[in-house]
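[1] structure of the sequence below:
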Amino acid sequence: MDLPALAMPQELAWPAAAMLGWWLGEWGYQRLGLPRVSVYGLLGFVLGASQLGVLPSGRNEGALLMANMAFGLVLFEFGYRINLRWLLSNRWLTLTGLLESSFTFMAVLWLSVLSGLAMLPAAVVAALAMATSPAALLRTVNERHCSGQVTERALHLSALNCVLALLVFNTLVGVWTFQSSGSWLRAGWNSVVMLLASSALGASLGVLVPGLLRGAGRLSEDTTVVFALGVLLLVALAHGLRLSPVLAALSFGLMARHRRVALNRTQRGFGALGDLLTVLLFMFAASLLVWHQVLDGLLPGLALVGVRLLSKLVAVVALARPSGLSLRKGGLTALALTPISVFVILLLEQARLLGVDLLDQVAPLTAAILLAEVLGPLVAARALQWAGETTPEVAPLPRGSER
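    Next up, the predicted model:
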């Protein structure tokens, strides 16, 4: 049984919802210390087509393209902050990322099979559970002006587990495609070719755009505008070619950083454009969830979130000292890896466009996604505050969160 829908002209739905989302996000942040993205996600779920019906059904290519453009801006900045040389020089940090991803995959796979899922859907759930959402983590870091050991390690571990999750997820999509169609060619396109072509497309733009800026002599003035336009173009190309906008945008940011193009501090988040698209992104992602699936999967979802968090805690704490962290900061780093929501939803929507509809097959994820959408950024923000890496002028967290 669906909830009664609230009629609203489609032309007004998203602008009105975005304005309400922005206002509630500011109110929740200033008065309650809640991360803005948690408020956006909760409101998007409540207003979604399957709940109150205020927002139109988001399952169309235009809405997905908008969401991928918003996510692309976040991923570009996220990739730009990742220092590959640090991962190579601190082998224990890299090993930590591999271990926490592997532990998470094995633990969630075991839980999913135990709860009755077939092996392939269970492996898909486990692959997606490996990842930490770059959007939620980076917006939390920027919102609270975080810097320090825990912040940087959380960002780098998130980059590692996202790449690993992409590799495993696309491999499983290829297997799923072959089982349903019997075509090796189609299966290969949905997995290996997509990964290689997406990476190459993003890296190519990461060389081309800095070259254009240098040639025009505008490296200091126009980097924000030009990189934003580059991301929008890249996502549109990847979307049209049925490639992965997620991997393409991440590759773009990584290549741009290592081409030594500097983005100053005031340009983080892409300013007002980034803020606007963040509201739409988190509301859109949560609006795709269906309330009865969330209720049906509540207990498995809670178990999934708990097992995922425990796996990351065990792995990160186990290698904290060899990688140069105290055990306490290792635990806080693991807590900062809690968000998963937007990354998972957009990967599932991308797979749906390729003809592989997985969301109905991985029911435990639905409740876990909503829980992580609301609680994930809050847990990450608390961890960074407990680590002493937020600035004093930022609004405090809710009462009782202090040490």
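[2] give me the residues contacting stretch 83-95.
    Outside stretch 83-95, the residues that touch it by Cβ atoms under 8 Å, 6 or more residues apart in numbering are 97, 153, 156, 157, 160, 254, 257, 258, 319, 322, 323, 324. To be clear about C-beta, it is placed using only N, CA and C from the backbone, and glycine gets the same treatment.
[3] okay, those residues in a markdown table with secondary structure and distance to residue 288 next?
    Rendered in a markdown table, the data for the contacts of stretch 83-95 read as follows (DSSP: H, G, I helix; E, B strand; the rest coil; distance: Cβ to Cβ, whole Å):
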| residue | secondary structure | distance to residue 288 |
| --- | --- | --- |
| 97 | helix | 29 |
| 153 | helix | 31 |
| 156 | helix | 29 |
| 157 | helix | 27 |
| 160 | helix | 27 |
| 254 | helix | 28 |
| 257 | helix | 32 |
| 258 | helix | 35 |
| 319 | coil | 36 |
| 322 | coil | 41 |
| 323 | coil | 37 |
| 324 | coil | 40 |
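[4] just give me the least confident of those.
    Ranked by pLDDT, the contacts of stretch 83-95 bottom out at residue 258, which has 73.
[5] contacts only, for that residue.
    residue 84.
[6] how much space between it and residue 84?
    Distance of residue 258 to residue 84, computed by Cβ to Cβ, to the nearest Å: 7 Å.
[7] returning to that earlier point: now which of the contacts of stretch 83-95 would you call buried?
    97, 153, 156, 157, 160, 254, 257, 258, 319, 323 (16 or more other Cβ atoms under 10 Å).
[8] doesn't residue 104 make contact with the fourth one?
    No: counting by Cβ atoms under 8 Å, no contact exists between residue 157 and residue 104, whose distance comes to 11.2 Å.
[9] point out where the protein drops to low pLDDT.
    1-10, 58-61, 181-190, 216-222, 259-268, 354-356, 359-361, 363-364, 392-403 (pLDDT under 70).
[10] spatially central residue for it, please.
    Residue closest to the mean C-alpha point of the chain, counted by Cα atoms, centre = their mean, is residue 133 at 2.7 Å.
[11] now that residue: phi and psi?
    Note on residue 133: its backbone torsions stand at phi -70, psi 110 [degrees, to the nearest 10].
[12] in this structure residue 279 contacts residue 23, no?
    No: using Cβ under 8 Å, residue 279 is not in contact with residue 23, being 10.1 Å away.
[13] which of the two has more residues huddled nearby?
    Taking neighbours as other Cβ atoms under 10 Å, residue 279 and residue 23 compare with residue 279 leading, 23 against 12.
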